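Asker: Sharing a sequence plus its predicted fold:
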Amino acid sequence: GTGGDVQLDAFGNVSTGMIQSWALGNAEARGGNISIISRNGAIDTTVGDLSQMATISPDADVTLDEFANTFRNASGNLNTYAVNGSGGSVSLEAKTDITTSHISSYGGANSGSATITSSEGNINTGVVFSVATNGGGGNITINAPGGNVSVSHINSYAAQQGGHINITTGGTFDIGAATINSFSKSTVAGDITVTAAGDVNLGGDNSRSAVSSEGPQRGGNVSITSSGGAINTIRCTIESNSEHGTAGTVTLIATGDVITTNIRSEGSQRGGDIIANSNNGQINTSWGELRSFSDGAVAGNVSLRANSDVTTAGILSYGLEQGGGLSIISFAGQIYTTRGNMNSYSPNGVAGFAGISAFGDVFVGGIRSNGYRQGGSISIGTSTGTITATRGNLDSLSDNGVAGAVTLKAPGDIMVGNIRSQGYEVGG
């Protein structure tokens, strides 16, 4: 049969324990919707005995079936469930704080959406899961325009389409060691958007991506924005991935510093662009690699722009038919790329350009633009400082075509090692 809907609507505070709506039966069965509204107060669903609730560690890899399917056999704090049919939606809306433990919509067919909104307060939850064994996953929306958001894992995980994930906070966003994932086993993953007025601190570790959108046909776009703070992803990786199709664009924009480890956008048909901007701070990616990759067609561009210093390790744009452009700009600081090499590579086609421009001094490692039909241009410039390029070669290469120009401009000293512009037909 079908599980009943649960609706709580109050002017003041709402306090509950575990709420569940279950449906057994066939694929037509549906778990009921759960809706809780406090029009002028707070919501707290952690009151009472929660000892029967599932335990999921912030360190778990929730992209694995054993963790993604936790609520198939276990209970959540707020749980709508259909063993063969579709899970219902979960909706929480309050004027002030919202406090919950784990929230789940699980369906053997499709799973429902989860929406949590506090107009003036903070949101503090456990995991938020929308998991569909055979169908599509629901969207997950968390909105606290007047407060902070603190959560554990956020996971829209489905056999078919993974749901979109949208998080907005007027304060800070903190997920501890947990992760954000939209995942599809067979089609398209959803977009992931985090927008905060304050700092954004993401989780994960060396073996678990902090933020991941992965689908065989398309990986979703990933956008992380802090309008008044910094972005810190130093623990791990942000990625959009598609084994057979197109990966999404990965964008990080902050007023303050942007500190990252690995950023990857990898798609068989197209790797997405990677963009990081810091309006008033620095960008530091020196703990990992920035990588746009396509083993079948076209790679994306990589662009870094900061008001202050930019420090990088390896940067790679690899496309079978076209490598993307690489651009680093510091409007008021220095640029350091000596911890890794910058490479745009296309074994069958055209490589992208590599451009570095700084207000102050520039220190570069190796730069290589290598395309079978065309190597890209390399340009390094500073408006007030010096250029030091002694730690690696500056190479524009083409095995069967035209190489690009290599240009260095500075009012101060220019110190270089080896420079090559070498093409089968024409050198730059």
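Answerer: Nice, I can see it.
Asker: just for the chain, where's the confidence low?
Answerer: For the chain, the stretches with pLDDT under 70 are 1, 427-428.
Asker: Tell me where it has helices.
Answerer: 65-68, 70-73 (DSSP state H).
Asker: Among those, which comes closest to A197?
Answerer: Relative to A197, the nearest member of the helices of the chain by C-beta to C-beta is helix 65-68, separated by 31.3 Å. Heads up, the C-betas are built off the backbone N, CA and C, glycines and all.
Asker: hang on, the earlier thing: in TSV: the helices of the chain, plus mean neighbour count and distance to F11.
Answerer: TSV is the format used below for the helices of the chain (neighbours: other C-beta atoms under 10 Å; distance: least, C-beta to C-beta, whole Å):
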stretch	mean neighbour count	distance to F11
helix 65-68	16	38
helix 70-73	18	32
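Asker: among these, which is nearest G256?
Answerer: Closest approach to G256 among the helices of the chain (C-beta to C-beta): helix 65-68, 33.2 Å.
Asker: Adjacent strands (with direction) for the top strand by length along the chain?
Answerer: Secondary structure of the chain per DSSP state E: the longest strand is strand 231-242. Sheet pairing for strand 231-242, assigned by DSSP bridges, gives strand 200-201 (parallel), strand 211-214 (parallel), strand 258-267 (parallel).
Asker: one step back: adding distance to N277, write the helices of the chain out as a markdown table.
Answerer: Output for the helices of the chain, formatted as a markdown table (distance: least, C-beta to C-beta, whole Å):
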| stretch | distance to N277 |
| --- | --- |
| helix 65-68 | 33 |
| helix 70-73 | 37 |
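Asker: Ok, which of these comes nearest D174?
Answerer: helix 65-68 (21.0 Å).
Asker: Report the contact partners of the nearest residue to Q282 once chain neighbours are set aside.
Answerer: Excluding its sequence neighbours, the residue lying closest to Q282 (C-beta to C-beta, 6 or more residues apart in numbering) is S308, at 4.2 Å. By C-beta atoms under 8 Å, 6 or more residues apart in numbering, the residues touching S308 are S278, N280, G281, Q282, S330, A332, G333.
Asker: mind checking how far S308 is from A197?
Answerer: 21 Å (C-beta to C-beta, to the nearest Å).
Asker: Y106 too?
Answerer: Relative to A197, Y106 is positioned 33 Å away (C-beta to C-beta).
Asker: same deal with A132?
Answerer: For A132, the distance to A197 - C-beta to C-beta - is 33 Å.
Asker: More neighbours: which of these two?
Answerer: A132 (29 against 20; other C-beta atoms under 10 Å).
Asker: Looks like that one contacts S111 (just checking).
Answerer: Yes: in this structure, A132 is within contact of S111 by C-beta atoms under 8 Å, at 4.2 Å.
Asker: Touching both of those two, which residues are there?
Answerer: Overlap of the contact sets of A132 and S111 (by C-beta under 8 Å, 6+ apart) consists of S86, G87, G138, A158.
Asker: Please report which of those residues has the highest neighbour count.
Answerer: Neighbour-wise, the shared contacts of A132 and S111 (other C-beta under 10 Å) top out at G87, 37 neighbours.
Asker: doesn't S105 make contact with it?
Answerer: Yes: contact status for G87 versus S105: in contact at 3.8 Å, counting by C-beta under 8 Å.
Asker: what residues are shared contacts of the two?
Answerer: Common neighbours of G87 and S105, using C-beta under 8 Å, 6+ apart, are G31, T80, Y81, S111, G112, S130, V131, G138.
Asker: Restricted to strands, list these.
Answerer: Cross-referencing the shared contacts of G87 and S105 against strands under DSSP E gives T80, Y81, S130, V131.
Asker: thought the last one was touching Y157?
Answerer: Yes: assessed by C-beta under 8 Å, V131 is found in contact with Y157 at 4.8 Å.
Asker: quick one: common contacting residues for the two?
Answerer: Common neighbours of V131 and Y157 (C-beta under 8 Å, 6+ apart) are A68, G137.
Asker: that older thread, quick one, which of the strands paired with strand 231-242 gets closest to H164.
Answerer: strand 211-214 (9.3 Å).
Asker: now that closest one, how far from the centre of its chain.
Answerer: 6 Å (C-alpha atoms, centre = their mean, to the nearest Å).
Asker: Stretch 175-187 now?
Answerer: 9 Å.
Asker: Okay, buried residues for it please.
Answerer: Across stretch 175-187, burial judged by 16 or more other C-beta atoms under 10 Å covers I175, A177, A178, T179, I180, N181, S182, F183, S184, K185, T187.
Asker: Contacts for stretch 206-213 next, please.
Answerer: Contacts to stretch 206-213, defined as C-beta under 8 Å, 6+ apart, come from residues 59, 61, 63, 162, 175, 179-183, 189-192, 194, 202-204, 219-222, 224, 233, 235-241, 248.
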